[in-house]
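Asker: Curious how this folds, go ahead:
(chains A, B, C and D)
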Amino acid sequence: MAKILMKGNEALSEAAIRAGLKAFYGYPITPQNEVPAYMAEHLPLRGGVYLQAESEVSAINMVYGAAGAGVRVMTSSSSPGISLKQEGISYIAAAQLPCVIVNVVRNGPGLGGIQPAQGDYFQAVKGGGHGDYRLIVLAPGNVQEMADLTTLGFDLADKWRNPVMILSDGILGQMMEPVVFSEDGAVSEVDKPWATNGAAGRERNIVNSLDIIPDKAEKNMLRLLEKYDQIKAEEVRWQEHNTEDADVILVGYGTSARVARSAMELARKEGLKVGLFRPITLWPFPEQRLAELAKAGRSFLAVEMSAGQMIEDVRLAVNGVSPVHLSNRLGGMVPTPEDVLEKVREILEGRVS
Amino acid sequence: MKTVFQKPEALTDMPMHYCPGCTHGIIHRLVGEAIDSLAIREQTIGVASVGCSVFAYDYFNCDMQQAAHGRAPAVATGIKRVLPESMVFTYQGDGDLASIGMAEIVHAAARGENITVVFVNNAIYGMTSGQMAPTSLLGQKTATSPRGRTVEEMGYPIKMCELLATLEGPAYLARVSTHDSRHVLQAGKAIKKAFEIQQQKKGFAMVEVLSTCSVNWGMTPVKALGWLEENMIPYYPLGVYRDVTAKEGN
Amino acid sequence: MPRGQVIVNQELCKECSLCVVACPHGVLAIGKAINKKGYHPVEAVAPEKCTGCTMCAVMCPDVVLTIKRKSPERK
Amino acid sequence: MAEIIIAGFGGQGVLVLGQMITYSGMIEDKAVSWFPSYGPEQRGGTCNCSVVIAEDEIGSPLVTVPTTAIVMNAPSFDRFEPKVGKGGLLIYNSSLIDKKSERDDIRVIAVPANQIADELGNARVANMVLLGTLLEATNVVKTESVEKALKNVLSERHHDLIPLNMQALERGRAYQ
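Answerer: Numbering: from 1, shown residues only, chains lettered A, B, ... in the order given. Next up, the predicted model:
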């Protein structure tokens, strides 16, 4: 199993193809462009369909169609493009179709810029489009995970008949690191008896999100919520380092977790008891474990490249038992380990309220 | 000696970010010259789009709005309907106008919206680094058509002037080129005309300007001019596709 | 005494050569100097041949060139 | 742990130089990461990349306090010279940078990289000259690894350029 030096966007694409991807529909936007370019180059030669849609709106509806037809399908974009896809994502979640949606987040709001950010957290984990629905949201922390979580994403999407979002960012997409792909080429696909692939010898299938009779619609919603509860019970993933004795636990995902890790190492060198908690699933959020870690005399510090979005979920989990602080940068600026360490010092010296 | 050529007033002093030899700069200047020669700078509102020309608001020395990808004709409609005496133009590339913004341009044209559209067709996505555009030629290799555009996979390149000419709404539709100085001078005349049409309240006017993208075409700026002439013009014939003033014997 | 004069705003030049090719009289060439952006700006290597026809400036994408002419002949 | 910034004009081979070091580190089974400045400003504008080579898992891939900075043009000198960490190394291309570092807490090496590359007959190997200086001044990666990396990074039809690249590397070593 040889190591390959790859960009995050390329590793993710390769993993998707290896996971049995049958179709990719996208539209150009920076900083995710390596994904469609990789797909255009490789997917048609390896049994899949690549098509550049005329818009993100169109691309996500192509995904709806292919997912409904029962094949593994994905799309990728960056923040403004993901906003355009929200209508389609809501329909996909309602129709319970499995697919993978990649967001290589750039800074917003509006057209914003092309530099890395995490300002799409709320959009990703709280639904994003209209109605009561959830995406399973996976947050890779390195190039290897860009690949591994994509593979996992397809499996979870099929298992739960739910759209999965890979919430990446401009750094994880553009950076190169070694990546290893498992040589076992087995694709773990499931039966999709609900797919609209031709009603030969069976009752016809309908892929639909219209629910016009209220009491029936409510029952369907309750079934959906029950599914979400099961996902919460079974699919929570996270990583922690040095949390046992920590006075301050840094909480961060994706690139922020990388910065937090460096900050933790600097802090430990100074003898400061700092730990790191990295959510890998952002929905379901590892709230139970965070609640267990909360205790008097311990603080949490959310490290984010947004105005402070994930921090709200940390606060909900910690439920007032420990104080929760924020260290963040905005606008495509990336926090430095030194910034985070300074905030840690402020907390330990009681300089923050 | 007398100065016979200098930067138009309707352009700012900001150096343009375009790659060396990119004809966007020429087209910006032509728009600026048209605005100067009609003396309309103070009543003009430009709408910048998304793509390489996303920073157009830095370069045009008039009021500018920045629109979401493809939506510039809708934004321009919004402005023009509430400020009918203003001069409103959009500046859009091929991805913006002919792909994601196809609905907006078609409906603005169908309504005969009294705006001027400068449509820059360089047969590729520049800003996002060289993906296939709706106007990429058959056989053209791009980042997302690495083996060349085929009819089977991606269908045919879209001829916007011809397409919009099927509608009753447009008052002026013309296709021009930037591949040599003679054609640039002609392009300048067409752009000026498209503003005059708006000034006379005759309705929707669009000038499609064939343009180069040497970086993403993978050639020198000078070679790119030749490539445009030899490959784009045969598929995208130059000329006037609609001119209501001609009917009036103007 | 040449009929025309081309003035180069060196810092704006991106060394694309479109003006060099456009000039019918071989007035311009890419120079040896380096500007702040790392480009070699165009120079008037045969200024005596300039007629002030503006063809170079018409093709310049960066409005680098200003043209002067003795009593404009036409336009 | 080596945290390296490489910076210059687009087209000077800044990103490739970073990839060469990263690739070489991977060959030696070290933890490595490479992150480029990205976007339209790359073309013709300034560009830079961050390279981290470590024994263990890498935290932030964005280098803020470089242990080494390799700068190839004047704007990059102005931007990164002050950022090099205490005790660090600054290697700069004196062919295009007419400046001196005022710092006495870092090691500074001036290399006329473009001049040497011109002497070797190919302006594009200026980056490899600077890599040679880096290899001699630090033990961040081994020369053999670089040679292996070259074979992997360059497409087969450019393999005839490897001896020239190695020659450039050797010339760079002389500046310490």
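Asker: Spatially central residue in chain B, please.
Answerer: residue B:119 (2.0 Å; C-alpha atoms, centre = their mean).
Asker: which strand residues sit across from the closest residue to that residue other than its chain neighbours in the sheet?
Answerer: Excluding its sequence neighbours, the residue lying closest to residue B:119 (C-beta to C-beta, 6 or more residues apart in numbering or on different chains) is residue B:208, at 4.6 Å. Heads up, the C-betas are built off the backbone N, CA and C, glycines and all. For residue B:208, the beta-bridge partners under DSSP bridges are residue B:119, residue B:175.
Asker: wouldn't residue A:81 be in contact with residue A:29 here?
Answerer: Yes - using C-beta atoms under 8 Å, residue A:81 is in contact with residue A:29, at 4.6 Å.
Asker: hey, what's in contact with both of the two?
Answerer: residue A:56 (C-beta atoms under 8 Å, 6 or more residues apart in numbering or on different chains).
Asker: okay, now residue 11: neighbour count?
Answerer: Just so you know, I chose chain A. Look at residue A:11: counted by other C-beta atoms under 10 Å in any protein chain shown, it has 31 neighbours.
Asker: you looked at the wrong chain, it should be chain B
Answerer: So residue B:11, with other C-beta under 10 Å, has 21 neighbours.
Asker: cool, residue A:123 as well?
Answerer: 23.
Asker: could you measure the nearest residue to residue D:57 once chain neighbours are set aside against residue D:53, distance?
Answerer: Spatially, and ignoring its direct neighbours in sequence, residue D:57 is nearest to residue D:31 (5.9 Å; C-beta to C-beta, 6+ apart). Distance of residue D:31 to residue D:53, given as C-beta to C-beta, to the nearest Å: 7 Å.
Asker: Kindly report the same for residue A:130.
Answerer: Residue A:130 is 48 Å from residue D:53, by C-beta to C-beta.
Asker: With residue A:156 instead?
Answerer: 34 Å.
Asker: What ranges does chain B have for its helices?
Answerer: B:24-38, B:56-59, B:72-82, B:94-95, B:102-110, B:151-154, B:160-164, B:181-199, B:214-217, B:221-227, B:233-235, B:244-247 (DSSP state H).
Asker: tell me which residues of the fifth one are tucked away?
Answerer: Using 16 or more other C-beta atoms under 10 Å in any protein chain shown as the test for burial, helix B:102-110 gives B:102, B:104-106, B:108-109.
Asker: pLDDT weak spots in chain B?
Answerer: Along chain B, the model assigns pLDDT under 70 to residues B:247-250.
Asker: Spell out which residues of it are next to chain C.
Answerer: Selection of chain B residues close to chain C by C-beta under 8 Å from any C-beta of the partner chain yields B:1-7, B:11, B:15-16, B:18-26, B:29, B:180-181, B:184-185, B:214, B:220-222, B:225.
Asker: Can you say which of those residues are buried?
Answerer: Applying 16+ other C-beta under 10 Å to these, the neighbour count classes B:4-5, B:7, B:11, B:15-16, B:18-26, B:29, B:180-181, B:184, B:214, B:221-222, B:225 as buried.
Asker: Residues contacting stretch D:8-18, please?
Answerer: Contacts of stretch D:8-18 (C-beta under 8 Å, 6+ apart): C:37-38, D:4, D:6-7, D:34, D:36, D:42-51, D:70-73, D:76, D:93, D:124, D:126-128, D:130-131, D:153.
Asker: just checking, which of those residues belong to helices?
Answerer: Using DSSP H, the contacts of stretch D:8-18 in helices are D:76, D:126-128, D:130-131, D:153.
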